[in-house]
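Engineer: build me a structure from this.
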Amino acid sequence: MMSRVCRLALLTALMSRIPAEAQSVSQRDLSFTAVQPCRIYDTRAGSGVQGQGTGSIPAGQNRDVDVTHGAAPSCGISAQAKAVVMNFIAVGPAGPGHLQAWPFGTTMPTASIINYANVGGLNIANGVVQPICPFCTHDLTLRANVSATHVVIDVLGYFAAPGSGPLWGRGRPGTKMWGPGDLLCVNGAIVFGLSDIAVTWGSAADACPQGTWVCALEDRGTGACDTSRFDSNCDAFGCDGLCVNFGGNSTAGWSADQAMTLTGFGVSESGGIGTPYPTCDSLPVWCCTE
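Structural biologist: Numbering: from 1, shown residues only. Sure, this is the predicted structure:
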């Protein structure tokens, strides 16, 4: 168990690396979520991940890196992450130099994260808690200095506000993910489908089988997924739990990014006249697994 002194040192190091313009109340009291070690960036040819074949970063040049979205592999880093535990590796440097890293779109720091040199058979690595720029075009910017080097980045976990990580399914007896003909939809490495029960958002974790999580929009992607199934009616007399049209490649259903948008009554305005209409408070849940 990490001692209080070590936890304080880690938090101090984290906050000292976040530029003043990026700090806010949202940076306080972040919680840590571990992920399986995952390679997210590698400039070498044939690496099979983001950055492959782009070659060594020349001295004095920057490279932008995706961590939570875009070209990033699916390593389980939440889009809500404010900082990520990363292992940076300088591979085959051309000579002595140092690497800098900072949140995309912010001021380049004066400190380095790795000092490297061209020593046969030796690749220098350093593990750091690296702040990133959430909801930016990219998450991170790298810069090699003095000498060029290949760069490899592995991720091991992230810091985010409490409750912003995936909502993992607790499951009920017999719950499962459902797809057309019992086939599920796919977005890269993520497989997803609707739960076979309809629940209110407060019970969302009960609808997904154990070992799966409640999908967010970025999990499902924007591609069409045919989830046609028998539809029940939802009208002014109330909802019976399945009141949503899943035909026509609909993406309706509870998800982590639309938690409470379909509850209660909505108001449709036409010509300045508001007309209330019923909306459903019980829907199937999108469940994801890898």
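Engineer: got the buried residues for the helix or strand hosting Gly193?
Structural biologist: Gly193 belongs to strand 190-199 when assigned by DSSP states H and E. By 16 or more other Cβ atoms under 10 Å, the buried positions in strand 190-199 come out as Ile190, Val191, Phe192, Gly193, Leu194, Ser195, Asp196, Ile197, Ala198, Val199. Where C-beta positions appear, they are placed from N, C-alpha and C, glycine not excepted.
Engineer: cool, stretch 100-107 as well?
Structural biologist: In terms of neighbour count (16+ other Cβ under 10 Å), stretch 100-107 has its buried residues at Gln100, Ala101, Trp102, Pro103, Phe104, Thr106.
Engineer: re the thing from before, mind giving me the packing neighbours of the strand holding Gly193?
Structural biologist: Contact partners of strand 190-199 among helices and strands, from 3 or more Cβ pairs under 8 Å, 6 or more residues apart in numbering; DSSP states H and E: strand 177-178, strand 185-187, helix 204-207, helix 217-220, strand 283-289.
Engineer: end-to-end on stretch 46-53?
Structural biologist: One end of stretch 46-53 sits 7 Å from the other (Cα to Cα, to the nearest Å).
Engineer: contacts for it?
Structural biologist: Applying Cβ atoms under 8 Å, 6 or more residues apart in numbering, the contact partners of stretch 46-53 are 39-45, 63, 65-66, 71-73, 151-152.
Engineer: what about the closest residue to Val152 other than its chain neighbours, how many neighbours?
Structural biologist: Nearest non-adjacent residue to Val152, counting by Cβ to Cβ, 6 or more residues apart in numbering: Ile89, 4.2 Å away. By the criterion of other Cβ atoms under 10 Å, Ile89 has 22 neighbours.
Engineer: how about the backbone phi and psi for Ile89?
Structural biologist: Torsion angles at Ile89 (phi, psi; degrees, to the nearest 10) stand at phi -130, psi 130.
Engineer: what sits against the residue nearest to Asp64 when sequence neighbours are not counted?
Structural biologist: Setting aside the residues directly before and after it, Asp64 is nearest to His138 in space (Cβ to Cβ, 6+ apart), at 4.0 Å. Contact analysis of His138 by Cβ under 8 Å, 6+ apart lists Asp64, Val65, Asp66, Gly70, Phe104.
Engineer: that older thread, between the buried residues of stretch 100-107, which sits nearest Val119?
Structural biologist: Comparing the buried residues of stretch 100-107 against Val119 with Cβ to Cβ places Gln100 closest, at 20.6 Å.
Engineer: OK, contacts around that closest one?
Structural biologist: By Cβ under 8 Å, 6+ apart, Gln100 lies in contact with Met108, Pro109, Ala111, Ser112, Ile113, Leu142, Arg143, Asn145.
Engineer: rerun that using 7 Å as the cut-off
Structural biologist: Met108, Pro109, Ser112, Ile113, Arg143, Asn145 (Cβ atoms under 7 Å, 6 or more residues apart in numbering).
Engineer: with Ser147 instead?
Structural biologist: Ala59, Pro93, Ala94, Gly95, Pro96, Gly97.
Engineer: the helix or strand encompassing Gly157 pairs with which strands, parallel or anti?
Structural biologist: In this assignment (DSSP H and E), Gly157 forms part of strand 150-160. With DSSP bridges as the test, strand 150-160 is paired with strand 31-42 (antiparallel), strand 83-91 (antiparallel).
Engineer: mind listing what's buried in the next helix or strand after the first one?
Structural biologist: Right, strand 31-42. Stepping forward along the backbone from strand 31-42, the first helix or strand reached (DSSP H and E) is strand 62-65. For strand 62-65, burial by neighbour count (16+ other Cβ under 10 Å) applies to Arg63, Val65.
Engineer: with just CA atoms, put strand 62-65 into CSV.
Structural biologist: The C-alpha trace of strand 62-65 is given here as CSV (Å, rounded to 0.1, in the frame of the first residue of the first chain):
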residue,chain,number,x,y,z
ASN,A,62,7.0,18.0,-32.4
ARG,A,63,4.6,15.1,-32.8
ASP,A,64,1.0,15.1,-31.6
VAL,A,65,-0.3,11.9,-30.0
